[in-house]
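Enquirer: Sequence isn't available, so here's the structure alone:
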C-alpha cells in the first residue's frame, strides 16, 4: 500500500500559529512579505518547491512473500526484495528499506559508526590541546592559584596534542594541526614556568 | 592542490545558551554547529526537506540600543560630571583624580556609543524558522534581517537544484 497524494502543506505564523495564505505574500526579491492579521508580526517568507509538491510516496507494506526465482531480502529470506541498499548493495524488502536523505539504507548500515552524517557530536582535539596549553597561562596573572594547574595542564596539553595527532578534527574546519602545535608550545611554557619557579625557590633557600 | 572544503559558512558565529553557533552549507544539507570549548554538536536539515524559511521581525535591535544607549548615557554623564568638576578645581589634588575618573568613565561610554551605532547599522533583528515535513523549527542563526536575506539568496539555488531531482521512489 502506498501513501501519498496532493500537497497539504500549510503556512502558519510562528508566533501565534494563525493560518496564512501563501497567495497573500507581497513579493520582495526572493522572499515574500506578509503581516500576520492575528498578532501583527511582520514575516518575511521564502517558499521552496517542496512546499507545494505532493508528499513523497512512502510504502507502508511489510513486504510480499517471495516466489521461487525471485530475489529475496537479505534480512527476511521469505520476502521478496524490492530495492537494494544504496550503501552496501544488500537486497531489501519493503520493511527493511529505510528512506534517508533521498537514499535507501538497510538497518545494518544505519549506524553512526558507518555513516558519518549520523554523528551529531565530535571532540575538536586540536582546539582542546590549545585551550589546555594556554588557558592557565592567560588566567594566572588574574588569579595566581591557576598557575599551579600547570602541573597537570602543561604535560596534559602535550599529551593531548601528541596522542590525538591522527585523531579527527572539526567537521567544518577539518584538522588544524597548528592549534595542536600551539598547545604543545603552551604546555612547554607551563613546564618551563614551573621549572623556573622551582629553581628560584631553590636558589633563594640556598642563599638564605 | 588545496582540498575543496565540504562546508561553506553561511552565517557568522553567535553566542547562545548552547555555546557558540554557526551555520554551514553542506553538499545536500544545512548544518548548525554549536561548540563549547572543544566539543562540537551538530544538527542537520536536508535541503530536500526545506518547505519554507520564515523570518519574524523582533525587538532585538531596539533592546540592545536601549542597553548600550543607557550605558553610554550613565557613563557619559559620570564622565562629564567629573570633567566639569575638574575644570572648577584647577590645580588642586582633586583635579587629577577627577580627570582620571573622567577618563575611566568616558572610555566605556564611548565604547557603548560605538556599539550602539554598530547595532543600529546591522539592521532590524529577526527570529528565523525553518518549515520541513516534520514541523516548524527555530534556527538560532541568523539574527538580522539582512543576514536572513543573504542566507536565502545563497540557499535558493542549492535548494531548487536539490528539490528538482526526484528521490529514488519507494517500491
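Expert: Received the coordinates, thanks. No experiment lies behind these values; they were computed from the predicted model shown.
Enquirer: So for residue B:41, what's the nearest residue that isn't a sequence neighbour?
Expert: residue B:34 (4.8 Å; C-beta to C-beta, 6 or more residues apart in numbering or on different chains). The C-beta positions use only the backbone N, C-alpha and C, and glycine is treated the same way.
Enquirer: give me the number of residues near the one you found?
Expert: By other C-beta atoms under 10 Å in any protein chain shown, 19 other residues sit near residue B:34.
Enquirer: same check, this time on residue A:84
Expert: Counted with other C-beta under 10 Å, residue A:84 comes out at 16.
Enquirer: tell me which residues form a beta bridge with it?
Expert: Beta-bridge pairing of residue A:84 under DSSP bridges involves residue A:91.
Enquirer: residues contacting it?
Expert: Listed by C-beta atoms under 8 Å, 6 or more residues apart in numbering or on different chains, the contact set of residue A:84 reads A:90, A:91, A:92, A:104.
Enquirer: re the thing from before, quick one: strands adjacent to the strand or helix carrying the residue nearest to residue B:41?
Expert: Assessed by DSSP states H and E, residue B:34 sits inside strand B:29-35. Paired strands of strand B:29-35, with direction, are strand B:19-25 (antiparallel), strand B:39-46 (antiparallel) (DSSP bridges).
Enquirer: Looking at it now, give me its mean pLDDT.
Expert: When pLDDT is averaged over strand B:29-35, the result is 89.
Enquirer: Stretch A:162-177 too?
Expert: 87.
Enquirer: Could you work out the end-to-end span of that stretch for me?
Expert: 10 Å (C-alpha to C-alpha, to the nearest Å).
Enquirer: For the residue nearest to the spatial centre of chain A, which non-adjacent residue is closest in space?
Expert: Nearest to the geometric centre of chain A sits residue A:120, at 3.5 Å (C-alpha atoms, centre = their mean). In space, and not counting its chain neighbours, residue A:120 is closest to residue B:42: 4.9 Å by C-beta to C-beta, 6+ apart.
Enquirer: Equivalent analysis for residue B:158, please.
Expert: Once flanking residues are discounted, residue B:158 sits nearest to residue B:47: 5.8 Å by C-beta to C-beta, 6+ apart.
Enquirer: likewise residue B:78?
Expert: In this structure, residue B:78 finds its nearest non-sequential neighbour in residue B:105, 4.3 Å apart by C-beta to C-beta, 6+ apart.
Enquirer: Helices along chain B, start to end?
Expert: Using DSSP state H, the helices of chain B run over B:60-88, B:93-121, B:145-164.
Enquirer: For residue A:190, find the nearest of those helices.
Expert: Taking C-beta to C-beta, helix B:93-121 is the member of the helices of chain B nearest to residue A:190, at 33.0 Å.
Enquirer: That closest one - contacts with which helices or strands?
Expert: Helix B:93-121 sits against helix B:60-88, with contacts defined as 3 or more C-beta pairs under 8 Å, 6 or more residues apart in numbering or on different chains; DSSP states H and E.
Enquirer: tell me which element residue A:201 is part of?
Expert: Assessed by DSSP H and E, residue A:201 sits inside helix A:177-207.
Enquirer: Could you list the domains of chain B?
Expert: B:8-58+B:125-157, B:63-121 (automatic domain parsing).
Enquirer: most packed of those?
Expert: Across the domains of chain B, averaging neighbours per residue (mean count of other C-beta atoms under 10 Å in any protein chain shown) puts domain B:8-58+B:125-157 on top, at a mean of 18.
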